[in-house]
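1. How does the following fold in three dimensions:
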Amino acid sequence: MIRFRVENLGSFFSLMILIDAPPAKVVEMLEAMQLLVKTELFVVILAIDARYVTLCLEDSYKGILDAEGGSKPTGLDYLEKLIQISYRAPPVSAEDAMESYLNNQVDKMDRASRIEKMDREKDNWKKVRAGVRPPSKANHRKSMKLYETQKFTEDEVEVLRNSCLAVATNPRTIKRIVNSYKIMKIVWHRQERHVSEEKRHAYLLLLVLCASSTLRKPMHGVLSELELETKPPGESNLAELVASHLGGYAGERCKECIVFYLEEINWGNNMMEWQSMKKDFRLLRSFVFVGERFEVSQKQFEVDDPDTTNFTSSATKDAAVRLFES
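-> Model prediction:
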């Protein structure tokens, strides 16, 4: 689909072209833009996913462009020739930038409201477990409005901040993670389920790991195993299970996050606990992009950690080293 919009900006006109089309159409539009920029009437601004456009070009110009490079130019070489000034939106990695961005994305719950909410959830959960419904379900729903349910606690914001810094996510990915986690919280609320803070933090970290382009392949293995298992896995806790799949894919800070937030999530031989957690793993997988096939080499997944201040202790670092080396 190609949509046009023309705006009168006084001394000049702005022509906006939105492209959501097959690869051949994308290439046709790029070729048309080359004609426009040859005159002094047009200044073209492109907002693109360079990875997708590069693949479109290499597919359209087979035999001329080559993804491997070598003696032939690549699709990226074509783009660099077309685009005179390029700007890539960088990942949110600076500590202060991450803090500011997260504060703009989430509504935080004050401590008093958080304690009241936790007490109310635990009380209702005990009544449900005992077979007694809350006295007034309508009043309960009114008191727990959806906008309150979606609010992040200070600890949840901290988990999100540390996790995103560990895998260098970009703003669009962070927004998707925030929205996915909000929906998970709504689901838990409507199911009248009490999910412990430790588990919530663990699931939030898993959302971040799955959203990272560098970790999608190994995280696909993690969620596939959790989905297929009919009994508790052999690993004693979630950190061990994730570590067995990530191995060398994860950087040092990412490993520390895994130990810090996932080591306390264990199931032992408790089938009821495992079944409850499995529902959450299925729910989590519904919100992440983990495809069924991966053709990306191991080298493409190797990334350097951002040089940022660690939030974990030396004991956590040592535990991460032991876990990933075992």
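2. and the helix or strand containing residue 25, what does it pack onto?
-> Using DSSP states H and E, residue 25 maps to helix 23-36. Identification of packing neighbours for helix 23-36 by 3 or more Cβ pairs under 8 Å, 6 or more residues apart in numbering; DSSP states H and E yields strand 13-19, helix 50-60, helix 75-82. C-beta here means a position set from N, CA and C on the backbone, and glycine is covered the same way.
3. quick one: the longest one to helix 75-82, angle?
-> Going back to what we said before, that points to helix 50-60. Angle, helix 50-60 to helix 75-82, by axes from the mean of the first three to the mean of the last three Cα atoms, to 10 degrees: 100 degrees.
4. Let's test this: mean pLDDT of helix 50-60, rounded?
-> If you average the pLDDT over helix 50-60, you get 87.
5. again, but for stretch 25-43
-> 83.
6. picking up where we left off before, how about the helices and strands packed on helix 23-36 in JSON lines, adding mean neighbour count and distance to residue 202?
-> Listed next are the helices and strands packed on helix 23-36 as JSON lines, based on neighbours: other Cβ atoms under 10 Å; distance: least, Cβ to Cβ, whole Å:
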{"stretch": "strand 13-19", "mean neighbour count": "12", "distance to residue 202": "39"}
{"stretch": "helix 50-60", "mean neighbour count": "17", "distance to residue 202": "30"}
{"stretch": "helix 75-82", "mean neighbour count": "16", "distance to residue 202": "38"}
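7. out of these, nearest to residue 164?
-> helix 50-60 (20.5 Å; Cβ to Cβ).
8. Only alpha carbons, please: show the closest one as PDB.
-> The C-alpha trace of helix 50-60 is given here as PDB (Å, rounded to 0.1, in the frame of the first residue of the first chain):
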ATOM      1  CA  ALA A  50      17.700  -0.200   6.600                       C
ATOM      2  CA  ARG A  51      17.800  -4.000   7.100                       C
ATOM      3  CA  TYR A  52      14.500  -4.500   5.300                       C
ATOM      4  CA  VAL A  53      15.200  -2.100   2.500                       C
ATOM      5  CA  THR A  54      18.700  -3.600   2.000                       C
ATOM      6  CA  LEU A  55      17.100  -7.100   1.600                       C
ATOM      7  CA  CYS A  56      14.600  -5.700  -0.900                       C
ATOM      8  CA  LEU A  57      17.400  -4.200  -3.000                       C
ATOM      9  CA  GLU A  58      19.500  -7.400  -2.900                       C
ATOM     10  CA  ASP A  59      16.500  -9.500  -3.900                       C
ATOM     11  CA  SER A  60      15.600  -7.200  -6.700                       C
END
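9. Provide the contact partners of the helix holding residue 25 at residue level.
-> For helix 23-36, the surrounding residues in contact (Cβ atoms under 8 Å, 6 or more residues apart in numbering) are 2, 17, 19, 21, 42, 44, 46, 52-53, 55-57, 59-61, 82.
10. for those residues, which one is nearest residue 186?
-> residue 52 (31.7 Å).
11. need the contact list for that closest one.
-> Counting by Cβ under 8 Å, 6+ apart, residue 52 touches residue 26.
12. thinking again about what came up before, what residues of the helix holding residue 25 count as buried?
-> Applying a neighbour-count criterion of 16 or more other Cβ atoms under 10 Å, one finds 26-27, 30, 33 buried in helix 23-36.
13. helices or strands up against whatever helix or strand residue 258 lives in?
-> Per DSSP H and E: residue 258 is located in helix 252-262. For helix 252-262, the elements it packs on are helix 154-167, helix 197-211, helix 238-246, helix 314-325, judged by 3+ Cβ pairs under 8 Å, 6+ apart.
14. Kindly reformat those as CSV containing mean neighbour count, mean pLDDT and distance to residue 268.
-> Shown next, in CSV, are the helices and strands packed on helix 252-262 (neighbours: other Cβ atoms under 10 Å; pLDDT from 0 to 100; distance: least, Cβ to Cβ, whole Å):
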stretch, mean neighbour count, mean pLDDT, distance to residue 268
helix 154-167, 22, 91, 24
helix 197-211, 22, 92, 15
helix 238-246, 23, 89, 12
helix 314-325, 15, 67, 18
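15. what about those helices, which gets the closest to residue 218?
-> Between these, helix 238-246 lies closest to residue 218; by Cβ to Cβ that is 4.5 Å.
16. can you state the direction angle for that closest one and helix 252-262?
-> 150 degrees.
17. could you check the angle helix 197-211 makes with helix 238-246?
-> Using the same axes, to 10 degrees: helix 238-246 against helix 197-211 is 10 degrees.
18. Where does pLDDT dip in the stretch 101-250 of the chain?
-> 109-122, 124-146 (pLDDT under 70).
19. can you map out the strands along it?
-> Secondary structure of the stretch 101-250 of the chain (DSSP state E, counting those that start in this stretch): no strands present.
20. out of the helices and strands packed on helix 23-36, nearest to residue 68?
-> Per Cβ to Cβ, nearest to residue 68 of these: helix 50-60, 9.8 Å.
21. quick one: that closest one to helix 23-36, angle?
-> Interaxial angle, helix 50-60 versus helix 23-36 (the same axes, to 10 degrees): 100 degrees.
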